[in-house]
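Colleague: sequence? don't have it. structure:
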């Protein structure tokens, strides 16, 4: 791939690393590649970061044909730049494209584009403990006319944002509301894809949960409102009586890359881990027997997010005395250790830029 | 509402009315109103139609927080301009906003904006038989940063497109594929809202159906894959043994304005009409008994779209010898007659601009 680079004439002032938030500041450049039926994906380029002019009739603004990915670049203590399993993001990006009728790209082109942009913007990767450079690849349908059909033209873009430690004061358990009225996705829908509509679908329940004092919702399945799906925008794990359990990929759950890594890591340490259907009733029974030992979310942004309390039908269930459990802590320390290059990567997960 | 108007300095050449397509050409101006938390909805304006610059991190491009409406302006033979039940569109726009965590607007402001823009662009309303001016109000989340939360800022826009007769050669029955793998929406999801994700969710099954030679899919419910929901992006009606039946609004079906009008029209003519759950098995049984007398879709774009063939699990069921039925024809003629001002509007549905 021959990436044309147009450098920004005036570089921005980089933000204070001590007060970085998530997704608020963007770097000096962005990657863009276009698609049309005659040329396929063409004209890959890096240009100064800035607004993109969209016709008001642009397909994605009406019919939501768009998908995205999220990963991070980490700066190690010895100054190297690491990506965490970016090949998995490239594969999932293509899987999302396929489901959403968007033409796929070559995986190596996606990776090359990410590396080229991160490399150009390497001075933007913050170095303070726990900070990183968030990478957001996304594809939008760009046909400038109205009609419920797959678009004939698309834009693939990558933007970068330096982000702070997700837990500036260390990881602390969050309170979760078990949502039994609204659902995120259902089998036969688009739940397995990282497509915009799934996130829009989560907003209402999320807002109601926040109003009740909860940080996230625990989603149940759309058919029986009984089986656990995800927590907020993360995959979810439970430790019950010594075994770590996560909902199996059933056609409505997003196949998380942190989820995959947690499973592989647990297996490598001979900690029992199961991917299977798990009902909210089983959770409650385990909690009442004192066997619900840990619960945590797993995703790119927070890595591991311990859950200290579940609220279901007006009953509160406290997990591990509202403390971060040993498995949650170990997973967080190991994954972030590998990501930041502080622990030897025995899995071959990190890729140096 | 005080709408600021900036007129375009150079007007476009209007397209040939004989070859108008759907949603391809847009008029000289568009309406825009912004929202921020401090000011609420503010600065309503009509400006020259043109691209809107969006930051690549704009919320709607990643998390799909956006909704839309669709209605038409019709030119009568005596030169008046009619809208069809625009109050219902304004109400539904607000209902979609509420579900998608978007701040609602005053209904009268929505109507005033539509009327002001249509009035300014009245020369764009085509006059040829069956043509009209399609009106697309829509709202997009405009926060320029990444984060799965309801946006703090929004844009409400209206664009206009002269459109041709949906059936240039008159209405003809279409072939429909009954989709039993993919679903459009499920109870607890966003199916009742006119939000972008629902349309994205339909693309894959629609594309597969087209590849098999069908025009649209018939959606089944997401829970039992048994009850009829919608046809393509329209509501659906069946005439079985003299009674017209349409799926009841169950929490996953879009409450169509054409649907509502069809029901009211049938009631006014003492034709039996039922809103209730109807299974695909009931349809097939009726078809086998020779009692499935008609089937049609109902929506703004096509008004009434007769269905001549249903394909379910590799069996084809022909309806009314693949001919447009009497009820379908009567509804199409009456609704379009009222919309174009050729039939007296006894319902008070039309609003003159």
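Modeller: Received the coordinates, thanks. Predicted model, so just to flag it, every value in this text is computed and none were measured.
Colleague: please make it C-alpha for all contacts and neighbour counts, starting now.
Modeller: Will do.
Colleague: give me the secondary structure label for residue A:58.
Modeller: coil (DSSP: H, G, I helix; E, B strand; the rest coil).
Colleague: hang on, isn't it packed against residue A:145?
Modeller: Yes: using Cα atoms under 8 Å, residue A:58 is in contact with residue A:145, at 6.0 Å.
Colleague: show me the contacts for the residue of the stretch 201-350 of chain A found nearest chain B.
Modeller: Closest approach between the stretch 201-350 of chain A and chain B, counting by Cα to the nearest Cα: residue A:223, at 4.9 Å. Counting by Cα atoms under 8 Å, 6 or more residues apart in numbering or on different chains, residue A:223 makes contact with A:186, B:222, B:223, B:224.
Colleague: does the first one touch residue A:220 like I think?
Modeller: It stands for residue A:186. No: look at residue A:186 against residue A:220 with Cα under 8 Å: they stay out of range, at 9.6 Å.
Colleague: how does chain A divide into domains?
Modeller: Taking automatic domain parsing as the reference, chain A has its domains at A:4-163, A:174-339.
Colleague: of those domains, which is nearest residue B:159?
Modeller: Among the domains of chain A, the nearest to residue B:159 by Cα to Cα is domain A:4-163 (7.5 Å).
Colleague: does chain B sit close to the closest one?
Modeller: Yes: on the criterion Cα under 8 Å from any Cα of the partner chain, domain A:4-163 is in touch with chain B at A:22-25, A:50-57, A:60-68, A:99-101, A:138, A:140, A:144-150, A:159.
Colleague: pick out the residue closest to the middle of chain A.
Modeller: For chain A, the residue nearest the mean C-alpha position is residue A:300 (4.5 Å; Cα atoms, centre = their mean).
Colleague: helix or strand for the residue of the stretch 201-350 of chain A closest to chain B, just tell me which one.
Modeller: Under DSSP states H and E, no helix or strand contains residue A:223.
Colleague: sec struct for residue A:294, please.
Modeller: Secondary structure state of residue A:294, per three-state DSSP, is strand.
Colleague: likewise residue A:110?
Modeller: Applying three-state DSSP: residue A:110 is helix.
Colleague: excluding chain neighbours, what is closest to it?
Modeller: Nearest non-adjacent residue to residue A:110, counting by Cα to Cα, 6 or more residues apart in numbering or on different chains: residue A:90, 6.1 Å away.
Colleague: for burial, what's the neighbour tally of that neighbour?
Modeller: Residue A:90: 21 surrounding residues under other Cα atoms under 10 Å in any protein chain shown.
Colleague: what's next to the host helix or strand of it, contact-wise?
Modeller: Using DSSP H and E, residue A:90 sits within helix A:86-99. For helix A:86-99, the external contacting residues (Cα under 8 Å, 6+ apart) are A:67-71, A:103-105, A:107, A:110-111, A:190, A:192-195, A:257, A:351, B:204.
Colleague: tell me the buried residues in it?
Modeller: Residues A:86-97, A:99 are the ones in helix A:86-99 that count as buried (16 or more other Cα atoms under 10 Å in any protein chain shown).
Colleague: now the two most distant members of those residues.
Modeller: Farthest pair in the buried residues of helix A:86-99, by Cα to Cα: A:86 and A:99, 20.1 Å.
Colleague: hang on, the earlier thing: so residue A:186 and residue A:220 - more neighbours on which side?
Modeller: The neighbour count for residue A:186 versus residue A:220, taken as other Cα under 10 Å, is higher for residue A:186 (28 against 25).
Colleague: am I right that that one sits in a helix?
Modeller: No: looking at residue A:186 with three-state DSSP, it is coil, so not inside a helix.
Colleague: contacting residues for it?
Modeller: Taking Cα under 8 Å, 6+ apart, we find residue A:186 in contact with A:221, A:222, A:223, A:251, A:252, B:185, B:186, B:222.
Colleague: again, but for residue A:231
Modeller: Contacts for residue A:231 (Cα under 8 Å, 6+ apart) come out as A:216, A:217, A:218, A:219, A:297.
Colleague: now intersect these with the strands, please.
Modeller: A:216, A:217, A:218, A:219, A:297 (DSSP state E).
Colleague: so what's the residue count around the third one?
Modeller: The local packing count at residue A:218 equals 28, with neighbours defined by other Cα under 10 Å.
Colleague: beta partners for it?
Modeller: Taking DSSP bridges, one finds residue A:178, residue A:231 as the beta-bridge partners of residue A:218.
Colleague: correct me, but it touches residue A:174?
Modeller: No: Residue A:218 lies out of contact with residue A:174 (Cα under 8 Å); the separation is 11.7 Å.
Colleague: related to what we said a few turns ago, which of the residues of domain A:4-163 next to chain B are buried?
Modeller: A:22-23, A:25, A:50, A:54-57, A:60-68, A:99-101, A:138, A:140, A:144-150, A:159.
Colleague: okay, now the unreliable bits of the stretch 101-250 of chain A?
Modeller: Applying pLDDT under 70 to the stretch 101-250 of chain A picks out residues A:168-169.
Colleague: can you give me the strands for it?
Modeller: Per DSSP state E, counting those that start in this stretch, the stretch 101-250 of chain A carries strands over the ranges A:132-141, A:153-163, A:174-179, A:216-220, A:228-231, A:235-240, A:243-246.
Colleague: let's have these in JSON lines, adding distance to residue A:307.
Modeller: Shown next, in JSON lines, are these (distance: least, Cα to Cα, whole Å):
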{"stretch": "strand A:132-141", "distance to residue A:307": "24"}
{"stretch": "strand A:153-163", "distance to residue A:307": "23"}
{"stretch": "strand A:174-179", "distance to residue A:307": "5"}
{"stretch": "strand A:216-220", "distance to residue A:307": "10"}
{"stretch": "strand A:228-231", "distance to residue A:307": "10"}
{"stretch": "strand A:235-240", "distance to residue A:307": "9"}
{"stretch": "strand A:243-246", "distance to residue A:307": "14"}
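Colleague: can you check which of these gets nearest to residue A:305?
Modeller: Nearest of these (Cα to Cα): strand A:174-179, 7.5 Å.
Colleague: and the stretch 151-300 of chain A, which residues reach chain B?
Modeller: So the stretch 151-300 of chain A meets chain B at A:159, A:181-190, A:195-201, A:203-204, A:222-224 (Cα under 8 Å from any Cα).
Colleague: in ChimeraX, select just the buried ones from those residues.
Modeller: The ChimeraX selection below is limited to those of those classed as buried (16+ other Cα under 10 Å):
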select /A:159,182,183,184,185,186,187,188,189,190,195,196,197,198,199,200,201,203,204,222,223
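Colleague: what's in contact with whichever strand or helix holds residue A:335?
Modeller: In this assignment (DSSP H and E), residue A:335 forms part of helix A:326-339. Here helix A:326-339 makes contact (Cα under 8 Å, 6+ apart) with A:74, A:82-84, A:262, A:265, A:294-296, A:303-306, A:343-345, A:350.
Colleague: do that again at 6 Å, thanks
Modeller: With Cα atoms under 6 Å, 6 or more residues apart in numbering or on different chains as the test, helix A:326-339 has contacts from A:304, A:343, A:345.
Colleague: can you go through those and name the buried ones?
Modeller: For those, buried by 16+ other Cα under 10 Å: residue A:304.
Colleague: now the contacts of helix A:326-339 in CSV, with distance to chain B, secondary structure and pLDDT?
Modeller: Below are those laid out as CSV (distance: Cα to the nearest Cα, whole Å; DSSP: H, G, I helix; E, B strand; the rest coil; pLDDT from 0 to 100):
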residue, distance to chain B, secondary structure, pLDDT
A:304, 17, strand, 95
A:343, 30, coil, 95
A:345, 30, coil, 96
